[in-house]
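**Q** The amino acid sequence is not available; the structure is as follows:
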Ligand code: XMP
């Protein structure tokens, strides 16, 4: 097993040839570590787990078993993309678990954000453990741990962020091929492995997903509104050249309503809040200037296309005093 300390002499992976070297070394190391055994991986579709999966597919092919748990809190199109890229294009062994009802039933009526996080994290581990129990004789578990995770967990900063961490009751040997890499290096490696840009350059997305953007008690209709509004925002930012200029952007639908008028009739519906921030490390953040005409266009589209919404707001608050997420 690799050490948890990045050697000082290790070169920063900044280009394709360094990435290819890393990939060759890791493929050999992975084959040495796991031999002919099967390896299990929780594949969320995020950059880190996707790159881990692609490395393992290259090293051991069908002996990697990926489990994609759809907890209902993913962005529009994400579960479909995971299936398309990994099962259809890379030929991976992929178990897709539709756990949407299970998660949403457990979350029904829960308003406290930390309770919501806890339920999502625990349920994830339970679903994953159940899937693992159905498979015989797997002793390796792959994880997309990256170097900042190691540094931050040492400092105690990030414990609550690791939805999808190792189920403690399961007795696996860990396989963590990217654990000494920084995020930018993981992206360079992902690109060299042929993963699509949409996956490699994905903006950060919290483990509890849209669950913390549908504030208060999550309901299916409000969750759908967050998902649809988020998809419109992502589409418009991409079209307007903002997708790679703004670090993180998303929508929130809070659990209160206000009055409005649609087709000459009074409505009582939710607002959609647009959040867009720039930051280096997510510890502090600023709000970039978004062209007013784009905000107007977003307002027009969201109020016309998203069911149950009659207002659009733009969050101008930097971090501090506000956090990036609303919960
Ligand atoms: P805040 O809201 O604390 O967010 O300013 C800082 C960064 O962390 C992300 N975030 C999370 N990531 N699980 C995660 O994996 C979480 O529970 C969580 N909460 C916040 C947030 O999206 C931002 O990038």
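**A** Yep, it's here. Because the structure is predicted, anything quoted here is derived from the model rather than measured.
**Q** contacting residues around the host helix or strand of residue 68?
**A** If you go by DSSP states H and E, residue 68 is part of strand 64-70. Identification of contacts with strand 64-70 by CB atoms under 8 Å, 6 or more residues apart in numbering yields 38-45, 53, 56-57, 79, 82-83, 86, 92-100, 124, 127-128, 131-132, 135, 138, 142. For every residue, glycine as well, the C-beta is placed using N, CA and C.
**Q** Run me through the strand neighbours of that strand, direction for each.
**A** Sheet pairing of strand 64-70 (DSSP bridges) gives strand 39-42 (parallel), strand 93-98 (parallel).
**Q** any idea of the mean pLDDT for the first one?
**A** Going back to what we said before, that points to strand 39-42. For strand 39-42, mean pLDDT rounds to 97.
**Q** what do you get for the longest one?
**A** When pLDDT is averaged along strand 93-98, the result is 98.
**Q** got the phi/psi numbers for residue 110?
**A** With angles defined as degrees, to the nearest 10, residue 110 sits at phi -90, psi 120.
**Q** Check residue 244 too.
**A** Per degrees, to the nearest 10, the backbone of residue 244 is at phi -100, psi 10.
**Q** State the pLDDT value of it.
**A** 91.
**Q** circling back: hmm, which of the contacts of strand 64-70 are the buried ones?
**A** 38-45, 53, 56-57, 79, 82-83, 86, 92-94, 97, 99-100, 124, 127-128, 131-132, 138, 142 (16 or more other CB atoms under 10 Å).
**Q** Close to the ligand: what parts of this protein are there?
**A** Proximity of the chain to the ligand (CB under 6 Å from any ligand atom) is limited to residues 117, 160-161, 204, 206-208, 248, 282, 319, 323-325.
**Q** related to what we said a few turns ago, how about the strands paired with strand 64-70 in JSON lines, adding distance to residue 147?
**A** JSON lines is the format used below for the strands paired with strand 64-70 (distance: least, CB to CB, whole Å):
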{"stretch": "strand 39-42", "distance to residue 147": "19"}
{"stretch": "strand 93-98", "distance to residue 147": "27"}
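**Q** show me what contacts the closest residue to residue 73 other than its chain neighbours?
**A** Nearest non-adjacent residue to residue 73, counting by CB to CB, 6 or more residues apart in numbering: residue 209, 3.4 Å away. Going by CB under 8 Å, 6+ apart, residue 209 touches 71, 73, 74, 75, 120.
**Q** Could I get the buried residue list for stretch 200-216?
**A** 200, 202, 205-216.
**Q** Please disregard the earlier target; I meant stretch 318-327.
**A** Those would be 319, 324, 325, 326, 327, for stretch 318-327 by 16+ other CB under 10 Å.
**Q** Stretch 57-75 now?
**A** Those would be 57-60, 63-75, for stretch 57-75 by 16+ other CB under 10 Å.
**Q** same question, stretch 130-149
**A** For stretch 130-149, by 16+ other CB under 10 Å, it's 131, 132, 138, 140, 141, 142, 143, 144, 145, 146, 147, 149.
**Q** What helix or strand is the last one located in?
**A** In this structure, residue 149 sits in helix 147-155 according to DSSP H and E.
**Q** Now that helix: average pLDDT?
**A** 84.
**Q** Give me the helices and strands touching the longest strand along the chain, please.
**A** The residue-count maximum for a strand in the chain (DSSP state E) belongs to strand 265-277. With contacts taken as 3 or more CB pairs under 8 Å, 6 or more residues apart in numbering; DSSP states H and E, strand 265-277 sits against helix 220-239, strand 248-252, strand 258-262, helix 292-305, strand 309-314.
**Q** Output these as a markdown table; include the columns mean neighbour count and distance to residue 185.
**A** Converted to a markdown table, the helices and strands packed on strand 265-277 look like this (neighbours: other CB atoms under 10 Å; distance: least, CB to CB, whole Å):
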| stretch | mean neighbour count | distance to residue 185 |
| --- | --- | --- |
| helix 220-239 | 19 | 25 |
| strand 248-252 | 23 | 20 |
| strand 258-262 | 11 | 46 |
| helix 292-305 | 15 | 33 |
| strand 309-314 | 18 | 34 |
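**Q** could these be laid out in JSON lines, adding mean pLDDT?
**A** Formatted as JSON lines, those follow (pLDDT from 0 to 100):
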{"stretch": "helix 220-239", "mean pLDDT": "98"}
{"stretch": "strand 248-252", "mean pLDDT": "98"}
{"stretch": "strand 258-262", "mean pLDDT": "97"}
{"stretch": "helix 292-305", "mean pLDDT": "98"}
{"stretch": "strand 309-314", "mean pLDDT": "98"}
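**Q** Nearest to residue 193, out of these?
**A** Taking CB to CB, helix 220-239 is the member of those nearest to residue 193, at 22.9 Å.
**Q** contacting residues around residue 51?
**A** 144, 178, 186, 189, 190, 193, 195, 200.
**Q** could you check the angle helix 147-155 makes with the helix or strand hosting it?
**A** With elements taken from DSSP H and E, the one containing residue 51 is helix 47-60. Put simply, helix 47-60 runs at 120 degrees to helix 147-155, going by axes from the mean of the first three to the mean of the last three CA atoms, to 10 degrees.
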